[in-house]
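Sequence first, predicted model second:
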Amino acid sequence: MFRHVLALRQVARRSISSSTRREMKNSVPEKQKIFQEDNGLPIHLKGGTGDALLYRATMTLTVLGTGLVLYELWKAAVPQKK
């Protein structure tokens, strides 16, 4: 039993990751330059094409969802004649 405890202590001392640490480049200053640039775009579209597509998809889903809710409310408020 004591051997198991010693083996567990030795395993616990080892590093969790066996890969070497890579230095990460700080990309915050570049992002700050992009978002603080005065180019007439709203802040939610300054990220590029991905932001524009995400914005359009969100607006499309919002409009379709609102239309569907209004349709269901109308259908519930006006009973069908049999």
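Good, I have the coordinates. Numbering: from 1, shown residues only.

Okay, the spatially most central residue of the chain and V69: tell me how far apart.
Nearest residue to the geometric centre of the chain (CA atoms, centre = their mean): L54, 10.7 Å. Taking CB to CB, to the nearest Å as the measure, L54 falls 22 Å from V69. The way it works is simple: take the backbone N, C-alpha and C, and place the C-beta from them, glycine included.

Now the residue nearest to the centre of the chain. Its backbone dihedrals?
phi -60, psi -40 (degrees, to the nearest 10).

For it, give its distance to N39.
19 Å.

so where's this protein uncertain?
11-20 (pLDDT under 70).

So Y55 versus T49, what's the distance?
Y55 is 11 Å from T49, where distance means CB to CB.

no, scratch that, I was asking about K25
Separation of K25 from T49 (CB to CB): 23 Å.

And Q80, by the same measure?
46 Å.

neighbour-wise, which of those two wins?
For Q80 versus T49, neighbours defined as other CB atoms under 10 Å are more numerous around T49 (8 against 5).

can you give me phi and psi for that one?
Per degrees, to the nearest 10, the backbone of T49 is at phi -60, psi -40.

List the contacts of it.
Residues counted as contacts of T49 (CB atoms under 8 Å, 6 or more residues apart in numbering): none.

can you start the count at 51 instead of 1 from here on
Done: numbering now begins at 51, and the last item shifts to T99.

can you give me the helices in the chain?
52-63, 78-86, 99-127 (DSSP state H).

right, and those helices - which one's nearest R71?
Smallest distance to R71 across the helices of the chain (CB to CB): 17.9 Å, for helix 52-63.

Next, the residues that contact that closest one from outside, please.
By CB under 8 Å, 6+ apart, helix 52-63 touches no other residue.

in it, what's buried?
Residues of helix 52-63 include none that count as buried (16 or more other CB atoms under 10 Å).

ok, back up a step: turn the helices of the chain into TSV, including distance to R71.
Listed next are these as TSV, based on distance: least, CB to CB, whole Å:
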stretch	distance to R71
helix 52-63	18
helix 78-86	20
helix 99-127	29
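
And these: which comes nearest I93?
Within these, the stretch nearest I93 is helix 78-86; the backing value is 6.7 Å (CB to CB).
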